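**Q** Need a 3D model of the sequence below.
(one chain, ligands or ions: 2)
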Amino acid sequence: MANVDIKDLSKHFGSLGVFDDINLHVDDNEFVSILGPSGCGKTTLLRIVAGIEDTTAGSVIVAGEESRKPRPDTALVFQNFRLLPWRTVEDNVAYGLRLRGRSKAEARSLAQPYVMMVGLAGREKKYPYQLSGGMQQRVGLARALAVQPDILLMDEPFGALDAQTRELMQDELLRIWSADRKTVMFVTHSIDEAIVLSDRVVVMQSDPGRIVEHIPVPFDRPRDAAAMRADPRFTTLRAEMWALLRQEPLSSDMTHRATGE
Ligand SMILES: Nc1ncnc2c1ncn2[C@@H]1O[C@H](COP(=O)(O)OP(=O)(O)OP(=O)(O)O)[C@@H](O)[C@H]1O
Ligand SMILES: [Mg+2]
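**A** Residues are numbered from 1 along each chain as shown. Ligands and ions are numbered 1, 2, ... in the order given. Predicted coordinates for the structure are as follows:
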């Protein structure tokens, strides 16, 4: 079972309390989005689940085991693309397989279907700088999928994309995930994106970071994102999530950004 069980989790960096008492169970093959203001600890939470960040208190059980180090069945897609600029598309996609001990030839051949899946066939020999932002993010997605993870942790994977590319990538992810379901924790700032993709949306607030609501998304799958956006239930869910997020005063981080400091 590829489930994630987070119990009474707290995280502090020295005197800074990031979050307290996070409780979240993500079921096998469930798609859960985490929505919350900047600084509430979303990235930190994913890093803890990925086994690359310590906990302060509480427990995180991934597929039945305490999460203390990175697992071969878990893949993390980063907030910015984090591609290796000196490697080609195919070698970037093959990178996770190389880390897991595959030979270069083997890794390239296993990576090839994932290059195709994200629509980059013919661009295998290109370098990241020769690709658009959307293409680069697709390389990041293919790299995560190529290791055939049971658990996919995605940290604002589409945050750096323009609105149109972002919607195309959401459609792409819906299609890929419907064909090959995995347990997904998906961090986003976009309410629409969270609703379109998820079985359930977890809303966080900050200072201290905490989960304030679990909201199920009652749309059948396979989904049509455009039809969903036109559905009155979508508008209701959207309003509900906005209301929860709006209770949040601007964090100092966002205030600085808003005032250009
Ligand atoms: N390695 C670290 N050392 C010290 N403080 C950290 C570290 N990593 C994160 N923090 C702090 O922890 C808090 C939560 O950070 P985190 O990156 O998890 O937030 P986030 O919810 O992902 O924000 P965003 O939406 O902007 O990506 C922030 O105050 C951040 O400055
Ligand atoms: Mg983050």
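**Q** Near Ala239, how many other residues are there?
**A** Residues lying near Ala239 (other CB atoms under 10 Å) number 11. All C-beta atoms are positioned from the backbone trio N, CA, C, and that covers glycine.
**Q** before we move on, which element is it in?
**A** helix 232-246 (DSSP states H and E).
**Q** and that helix, what other elements does it pack with?
**A** helix 191-197, strand 200-205, strand 210-216 (3 or more CB pairs under 8 Å, 6 or more residues apart in numbering; DSSP states H and E).
**Q** now it, how far from the chain's geometric center?
**A** 21 Å (CA atoms, centre = their mean, to the nearest Å).
**Q** What of stretch 182-202?
**A** 8 Å.
**Q** Repeat that for stretch 18-37.
**A** For stretch 18-37, the distance to the chain centre is 11 Å (CA atoms, centre = their mean).
**Q** quick one: terminal-to-terminal distance for that stretch?
**A** End-to-end distance for stretch 18-37: 12 Å, by CA to CA, to the nearest Å.
**Q** who in the protein is up against ligand 1?
**A** The interface of the chain toward ligand 1, taken as CB under 6 Å from any ligand atom, is made up of Phe13, Leu16, Val18, Gly36, Ser38, Gly39, Cys40, Gly41, Lys42, Thr43, Thr44.
**Q** now for the residues you listed, which pair is the farthest apart?
**A** Farthest pair in the residues of the chain next to ligand 1 (CB to CB) is Phe13 and Gly36. Separation: 17.5 Å.
**Q** These two: who's more crowded?
**A** Gly36 (25 against 10).
**Q** Could you give the bridge partners of the spatially closest residue to the more buried one that is not a sequence neighbour?
**A** The shortest distance from Gly36 to any non-neighbouring residue, by CB to CB, 6 or more residues apart in numbering, is to Met204 (3.1 Å). Beta-bridge pairing for Met204 (DSSP bridges): Ile211.
**Q** wait, what's in contact with Met204?
**A** Remark: with contacts taken as CB atoms under 8 Å, 6 or more residues apart in numbering, Met204 is in contact with Phe19, Ile34, Leu35, Gly36, Pro37, Cys40, Gly41, Lys42, Arg210, Ile211, Val212.
**Q** so can I have a markdown table of the residues of the chain next to ligand 1 showing pLDDT and secondary structure?
**A** A markdown table is the format used below for the residues of the chain next to ligand 1 (pLDDT from 0 to 100; DSSP: H, G, I helix; E, B strand; the rest coil):
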| residue | pLDDT | secondary structure |
| --- | --- | --- |
| Phe13 | 96 | strand |
| Leu16 | 93 | strand |
| Val18 | 96 | strand |
| Gly36 | 94 | coil |
| Ser38 | 92 | coil |
| Gly39 | 92 | coil |
| Cys40 | 94 | coil |
| Gly41 | 96 | coil |
| Lys42 | 96 | helix |
| Thr43 | 95 | helix |
| Thr44 | 96 | helix |
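**Q** hang on, the earlier thing: let me have the helices and strands packed on helix 232-246 in TSV, adding mean pLDDT as columns.
**A** Putting the helices and strands packed on helix 232-246 into TSV (pLDDT from 0 to 100) gives the following:
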stretch	mean pLDDT
helix 191-197	97
strand 200-205	97
strand 210-216	96
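**Q** mind listing the helices for this protein?
**A** 42-49, 89-99, 104-117, 133-146, 163-179, 191-197, 225-229, 232-246, 252-259 (DSSP state H).
**Q** Looking at these, spot the one closest to Met185.
**A** Taking CB to CB as the criterion, Met185 comes closest to helix 42-49 out of the helices of the chain, the separation being 6.3 Å.
**Q** Convert the C-alpha atoms of the closest one to PDB, please.
**A** Extracted C-alpha coordinates of helix 42-49, given in PDB (Å, rounded to 0.1, in the frame of the first residue of the first chain):
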ATOM      1  CA  LYS A  42       4.000  23.200   2.300                       C
ATOM      2  CA  THR A  43       7.500  22.500   0.900                       C
ATOM      3  CA  THR A  44       8.800  21.600   4.300                       C
ATOM      4  CA  LEU A  45       6.000  19.100   4.700                       C
ATOM      5  CA  LEU A  46       6.700  17.500   1.300                       C
ATOM      6  CA  ARG A  47      10.400  17.300   2.100                       C
ATOM      7  CA  ILE A  48       9.700  15.500   5.300                       C
ATOM      8  CA  VAL A  49       7.500  13.000   3.500                       C
END
